[in-house]
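Student: only the shape, not the letters, is given here:
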């Protein structure tokens, strides 16, 4: 049953909005990014108002944005960017399209601002723009400069890296598809992957920047058009090299923090490889022996770190689907881990994934799976 909308937010907007816009300028320049403060609360409130009111939020907010988007005082400059980004979820796409077209050149420029808070909010707002229906963006006009700005942002401070990765993920999810020959990101694909690989060489994961970069790689691998598949294949080999290194170094992770960091990195690498396998299909057979060797070593030494084991099982599932009956040669080595997981009811997620793997095995092997069914 639909609830009646009494439009309380719309009625209160003339009284509430000026205060919210003023509070957006009250950033604490020394505050930690994750620290809740007045300006963050104001932005959240404005975003919720936009969702409640829709199109009517645009007219009273845009003058504030236009007035302060180039203000010499960074507090007002950042507030203008944040105000624009905060109202993008609510109004109709046809209302937002001309605003986005007008704002994008300025937002792209502001990703290179001298003040980190402004750059951060500009990158976040670009991510919000890329999350809109793709028709809101004039790709022939803005895509090149947008990608250039986002790739530049990937080598900035960690908080900006995370937002640029999010924007790239939103773009490729909307534009991509592994069954199409090419897509607008094809010409930038290898350059983006190269930059993401470079910035993930660090052992630091401040603001989840490294994790965000691996998530962006995984998304690119799962959505890349056919003319990017050669780059995706190279990515698979490079990521596998890194996974092999982490498996070889697992004994060096002594403390709990080190072990957790190692498991997180391995999960990131496994996720990328899973998407590479899903995209490459049977072509993954070129490195499947190496993948299974690494996965089996990881499972043998991971101990109680079930997070990495879950991701390893998901990778195995992708290999089963890709290789079909050719996966049979790995079953004898892998099945003991599968049986153990099926009996490990306390780790219900791993157990659930294992049940799914049995279905994958039976579908891929067909009648040949019968010999394993008694043990299953």
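Tutor: Cool, got the structure. Here the structure is a predicted model, which means the values were calculated and not measured. Numbering: from 1, shown residues only.

Student: pretty sure residue 288 sits against residue 323.
Tutor: Yes: between residue 288 and residue 323 there is a contact under C-beta atoms under 8 Å: 6.2 Å. C-beta coordinates here come from the backbone N, C-alpha and C atoms, glycine included.

Student: low-confidence stretches in the chain?
Tutor: Within the chain, the stretches with pLDDT under 70 are 1, 30-34, 303-305.

Student: can you give me the helices in the stretch 101-250 of the chain?
Tutor: 116-131, 139-153, 158-175, 186-199, 209-223, 229-248 (DSSP state H, counting those that start in this stretch).

Student: can I get these in JSON lines including mean neighbour count?
Tutor: As requested, the helices of the stretch 101-250 of the chain are exported to JSON lines (neighbours: other C-beta atoms under 10 Å):
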{"stretch": "helix 116-131", "mean neighbour count": "24"}
{"stretch": "helix 139-153", "mean neighbour count": "18"}
{"stretch": "helix 158-175", "mean neighbour count": "24"}
{"stretch": "helix 186-199", "mean neighbour count": "18"}
{"stretch": "helix 209-223", "mean neighbour count": "24"}
{"stretch": "helix 229-248", "mean neighbour count": "18"}
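
Student: how close does residue 319 sit to residue 335?
Tutor: 14 Å (C-beta to C-beta, to the nearest Å).

Student: swap in residue 325?
Tutor: Distance from residue 325 to residue 335, by C-beta to C-beta: 16 Å.

Student: now do residue 359
Tutor: 15 Å.

Student: neighbour count: those two, which is higher?
Tutor: Legend: neighbour count by other C-beta atoms under 10 Å for residue 359 and residue 335, higher for residue 335 (14 against 11).

Student: just the element for the more buried one, please.
Tutor: If you go by DSSP states H and E, residue 335 is part of helix 328-343.

Student: return the distance of that helix from the chain's centre.
Tutor: 31 Å (C-alpha atoms, centre = their mean, to the nearest Å).

Student: picking up where we left off before, got the helices of the stretch 101-250 of the chain as JSON lines, with distance to residue 284 columns?
Tutor: Listed next are these as JSON lines, based on distance: least, C-beta to C-beta, whole Å:
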{"stretch": "helix 116-131", "distance to residue 284": "29"}
{"stretch": "helix 139-153", "distance to residue 284": "28"}
{"stretch": "helix 158-175", "distance to residue 284": "20"}
{"stretch": "helix 186-199", "distance to residue 284": "17"}
{"stretch": "helix 209-223", "distance to residue 284": "11"}
{"stretch": "helix 229-248", "distance to residue 284": "7"}
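
Student: of those, which is nearest residue 106?
Tutor: Closest approach to residue 106 among the helices of the stretch 101-250 of the chain (C-beta to C-beta): helix 116-131, 8.7 Å.

Student: so the closest one versus helix 158-175, what angle?
Tutor: 10 degrees (axes from the mean of the first three to the mean of the last three C-alpha atoms, to 10 degrees).

Student: got the contact list for helix 116-131?
Tutor: Around helix 116-131, the neighbours that count as contacts under C-beta atoms under 8 Å, 6 or more residues apart in numbering are 27, 29, 33, 74, 77-78, 81-82, 84-85, 88-89, 100, 103-104, 107-108, 110-113, 136-137, 146, 149-150, 153, 156-157, 159-160, 163-164, 166-168, 170-171, 174.

Student: could you say what helices and strands the one helix or strand residue 294 maps to packs with?
Tutor: If you go by DSSP H and E, residue 294 is part of helix 285-301. With contacts taken as 3 or more C-beta pairs under 8 Å, 6 or more residues apart in numbering; DSSP states H and E, helix 285-301 sits against helix 229-248, helix 256-280, helix 306-323, helix 328-343.

Student: and with 6 Å instead?
Tutor: Here helix 285-301 touches helix 229-248, helix 306-323, helix 328-343, going by 3 or more C-beta pairs under 6 Å, 6 or more residues apart in numbering; DSSP states H and E.

Student: okay, the ones you listed in TSV with distance to residue 65 next?
Tutor: Output for the helices and strands packed on helix 285-301, formatted as TSV (distance: least, C-beta to C-beta, whole Å):
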stretch	distance to residue 65
helix 229-248	38
helix 306-323	42
helix 328-343	53
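
Student: nearest to residue 206, of these?
Tutor: helix 229-248 (19.1 Å).

Student: residue 4 is nearest to which of the helices of the stretch 101-250 of the chain?
Tutor: helix 116-131 (29.7 Å).

Student: measure the residue lying closest to residue 326 once chain neighbours are set aside to residue 368 for me?
Tutor: The shortest distance from residue 326 to any non-neighbouring residue, by C-beta to C-beta, 6 or more residues apart in numbering, is to residue 285 (6.4 Å). Residue 285 sits 18 Å away from residue 368, taking C-beta to C-beta as the criterion.
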